[in-house]
Structure formats: structure tokens, C-alpha cells
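**Student:** Structure for this input, please:
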Amino acid sequence: LLIVALVTLIASLSAFGGVLMSPMITEITLPPGTSYEDDITITNTGDQPMVVNAKSIGFIAPEGVPEFLDPLVDDYPYSGRDLLTLTPAEQTVQPGEAVLFHYKVSMPEDLDPYGGRYVAGIFRVQPPSNGGQVTVAAQVASLFLLSPGGDAAAHLAFEQISIYQKKNDPQTVVLSAKIANDGNLHITSDQIWGMINVADEDGYIIDSFKVNTHTMLPGNTYTHTEEWTAPDYLVSGTYQFRLTVLIFGKVGTEPQEYKLVVPVKLEF
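**Tutor:** Numbers count the residues shown, from 1 in each chain. Model (predicted):
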């Protein structure tokens, strides 16, 4: 997953070659009333011409993977579907050729709600029309994560935490928590640091492991799951699962810190 940072969905066009795109992700700060423009490069790595159509569309990413929103029902309050323009709307790309699509992103003066905006440039790729012949189409996406700066900030909330052993495999302990970004800005995986320490009844740490993270957009919620394999030498008893998570923001701000200790009875 990107996000591990976010991932862009790049499709292989097996029927008529392939396509490369750059950049896959653009993350910039645009104060209200400002704009930014540059180019997206599409390269035809196949051996046949292809037609590329461009459009902009909002997206969410509850589990780090982009979900593109139907413009007719896009009610995501942080959608940037109207903030990205792409020109031209269509180009034909010859084998081995690279073409440029010019983009411009503009942050409105009045942001309601105030916070980040999230939009993707979608490029639909297909061979040129050949009479009645059926053609295969695919699409690639360039993701834009836009911050207005100021007081915009992510804020993670943890709830519905549960820790239990798998019924058919008691050595595998499942840790689950519902996580929500209830702030107004995205947070990327490299801003999150998490660690879980497992301690015995006397308080001695017997194992530690890092928490896997990915980017979360504001207003997105998902259930995060980790699995821990208990050492074979452990005996039945109560163990402490100590969670520490740090969420780092911009320079000069204190990180958000979450600490939680959950005692769990394990049977082996």
C-alpha cells in the first residue's frame, strides 16, 4: 500500500502493451486562494498507439487504498473534485512516446469545511478505435493530497479495541481497533510511529513489535488488525499489551500521544 504512504493504481495493459505515469502522488500546501500548476507525464511503453482521456475525480482512502468517488454521489466533505483541471482532455500516444498533460490545482478562498482536499487525475487508456473490434481499456491515477496549511491537522481516535486468541490457533493473538481520523487533514504513514510491548504478570517485557501504519484521510474510519505469535514457552495466564502511538505534526507542534495498557488472559 502507498501510503504505506497511498498507492496509485497502475494497471498493466496486457492486450496492447503498457503505460507509465509520473508523478503518482503530489502532496502540496496550498493556502486558500492560491493555485499550483505543473505537468503529468504519460509514457506508452507498448508497441501500439493508445488514446488517453483525462478527467478529475474525488477519492477517499479508508484503508490506504484509493476509492474513487462517483461524481454524481460524491458527498465527501473533503473531496477536491472541482479543484483540479487537466488539459488536454484527450491525447493519442504513439509507441515509445511520452506526452504531457498540464494540470492546475486551485484552493478556494472559502473552505467549508476547512481542511485538506483530495482529488485524483484519472487517465483512461485504450487502443484507437478499429471499426467494430472490441478494445480493452484500463486506467491509471495520479493522486493529489492538498493541505490549506494554518490550523489544519489530523487527529486519530482509537475505539472498540479487542485482543483475543484464534480459536484454532491459540498461539496467534489478534489485536483489533477501530481507528478514525476525526481531524481535518490527511496523515501519512511516515508521521505515525507505533509500538506494542507484551509483558508478563510481573511486568517484564517478553516481546515487542511495531504497529503497521498507512495514510488516512480526514473523515475516514477503518478497523486495524495486527497479529502476534506467542512464543511456544508461554504458559496460560494474564499478559499486558502496552500500546504506544505517536502522531507527528508540523515543526513546532507536540506530537499526539496515545498510551494504553490492556490486560488479557491467554490460555495455551
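
**Student:** what residue ranges in this protein are flagged as low confidence?
**Tutor:** Flagging of the chain using pLDDT under 70 yields the residue ranges 1-17, 129-136.

**Student:** longest single strand anywhere in it?
**Tutor:** Longest strand in the chain, counting residues (DSSP state E): strand 169-181.

**Student:** quick one: contacts of that strand?
**Tutor:** 154-166, 187, 196, 216-230, 232, 241, 264, 266-268 (C-beta atoms under 8 Å, 6 or more residues apart in numbering). No exception for glycine: its C-beta is placed from N, CA and C like everyone else's.

**Student:** Name the strands paired with it and say parallel or antiparallel.
**Tutor:** strand 156-166 (antiparallel), strand 221-229 (antiparallel) (DSSP bridges).

**Student:** Kindly check the end-to-end length of stretch 241-255 for me.
**Tutor:** Terminal residues of stretch 241-255 lie 22 Å apart, using C-alpha to C-alpha, to the nearest Å.

**Student:** Now do the buried residues in it.
**Tutor:** Of all the residues in stretch 241-255, those buried under the rule 16 or more other C-beta atoms under 10 Å are 241-243, 245, 247-249.

**Student:** follow-up on the earlier one: return the members of the contacts of strand 169-181 classed as buried.
**Tutor:** With burial judged by 16+ other C-beta under 10 Å, the buried subset of those is 154, 156, 163, 165, 187, 196, 216-220, 222, 224, 226, 228, 230, 241, 264, 266.

**Student:** Which residues are in contact with residue 145?
**Tutor:** By C-beta under 8 Å, 6+ apart, the contact list for residue 145 reads 6, 25-28, 116, 118, 186.

**Student:** rerun that using 7 Å as the cut-off
**Tutor:** Going by C-beta atoms under 7 Å, 6 or more residues apart in numbering, residue 145 touches 25, 27, 116, 118, 186.

**Student:** measure residue 67 to residue 217 for me?
**Tutor:** Look at residue 67 and residue 217: by C-beta to C-beta, to the nearest Å, they are 10 Å apart.

**Student:** same question, residue 208
**Tutor:** Counting by C-beta to C-beta - residue 208 and residue 217 are separated by 30 Å.

**Student:** Please, where are all the strands along the stretch 51-200 of the chain?
**Tutor:** With DSSP state E, counting those that start in this stretch as the criterion, the stretch 51-200 of the chain has strands at 67-68, 84-87, 90-93, 98-106, 117-126, 138-147, 156-166, 169-181, 192-199.

**Student:** So which of those strands is nearest residue 76?
**Tutor:** strand 117-126 (7.8 Å; C-beta to C-beta).
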